[in-house]
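[1] got a sequence here, can you build the structure:
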Amino acid sequence: MANKQELIHFLDRKVFDPILHASPDRYSDADQKKLKDVQDRTKSEKERFRTYSSAQDVIDNYKSDLHSSTAKRVNAELDKLGLPTLPSVKDEFLKMAEDGK
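    Residues are numbered from 1 along each chain as shown. This is a model prediction of the structure:
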């Protein structure tokens, strides 16, 4: 199994950082407001994942986030903005979590 730091680094690289570094200039005024909202939520989510005490906690909460109604709403916005979502890396994340690679 991958360790906590490896899992968090993967999520940062594949999901959180691309969202947080997305340039508002690419979007219309209306979409810039949506971008700001998803960036604020992503920042909180990124910080929350860092508070988990173990790799298993990261995995369990990742899986839980795949099915939460709030996450589904945010993921729909991210999709519309052309940004990555937690579900978009599900197979790769779970394989890494299992194999430790």
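[2] in the strand or helix carrying residue 47, what's buried?
    Applying DSSP states H and E as the criterion places residue 47 in helix 29-51. For helix 29-51, the buried set under the neighbour-count rule, 16 or more other Cβ atoms under 10 Å, comprises 35, 38-39, 41-42, 45-46, 49. Quick note: C-beta positions are derived from backbone N, CA and C, even for glycine.
[3] could the residues you listed go into a markdown table alongside pLDDT and distance to residue 79?
    Shown next, in a markdown table, are these (pLDDT from 0 to 100; distance: Cβ to Cβ, whole Å):
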| residue | pLDDT | distance to residue 79 |
| --- | --- | --- |
| 35 | 98 | 13 |
| 38 | 97 | 10 |
| 39 | 98 | 15 |
| 41 | 96 | 14 |
| 42 | 97 | 14 |
| 45 | 95 | 16 |
| 46 | 97 | 19 |
| 49 | 97 | 21 |
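[4] got CSV for the residues you listed, with distance to residue 11 too?
    Below are the buried residues of helix 29-51 laid out as CSV (distance: Cβ to Cβ, whole Å):
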residue, distance to residue 11
35, 19
38, 15
39, 15
41, 14
42, 10
45, 9
46, 8
49, 6
